[in-house]
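Enquirer: 3D model of this:
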Amino acid sequence: MNAEDGIPGPPGDAAGTVTRTGATAGQAARRLRGDGWSVATLHGVATKTAFLDGVGRALGFPGYYGHNLDALWDCLAEVTAPTALVWEGWQDLAVGAPDAWADALSVLRERTAEGAPFCVVLVDPPGPA
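Expert: Numbering: from 1, shown residues only. Okay, the predicted model is just below:
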């Protein structure tokens, strides 16, 4: 991971991370793709249901995805290519539904520690100009 911007490096070096970056989602995605990651982008979700729906769409989960935390784990476990989830607007869930945020982050962190390389990049909002 580049300590300056928080964006993970190549999959072999950076799997198993949940990190924050001040880069834009586009910048993070370009860097990750250049380093060999398959990139999925999730944009601001404020409820558990919106998170589960959004991550399922972003990662292209199959039709049988059950839209609950157990189903999220099951589908994340089936991701075999080195994959990065770039999440812009994560603060909406963290502030608006802190219990759902904690649950989502727990499942995502667990997944980064197991299976094929998987990382999560939380995009921070831009600072004051």
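Enquirer: So in the chain, which helix runs the longest?
Expert: Secondary structure assigned by DSSP state H gives helix 98-112 as the longest helix of the chain.
Enquirer: who does that helix touch, helix- and strand-wise?
Expert: strand 17-21, helix 48-58, helix 69-77, helix 91-96, strand 118-123 (3 or more C-beta pairs under 8 Å, 6 or more residues apart in numbering; DSSP states H and E). The way it works is simple: take the backbone N, C-alpha and C, and place the C-beta from them, glycine included.
Enquirer: among these, which is the most enclosed?
Expert: strand 118-123 (a mean of 25; mean count of other C-beta atoms under 10 Å).
Enquirer: What strands flank that one, and is each parallel or antiparallel?
Expert: strand 17-21 (parallel), strand 83-88 (parallel) (DSSP bridges).
Enquirer: Tell me how many other residues surround residue 88.
Expert: 20 (other C-beta atoms under 10 Å).
Enquirer: Residue 30: what's it in contact with?
Expert: By C-beta atoms under 8 Å, 6 or more residues apart in numbering, residue 30 lies in contact with nothing.
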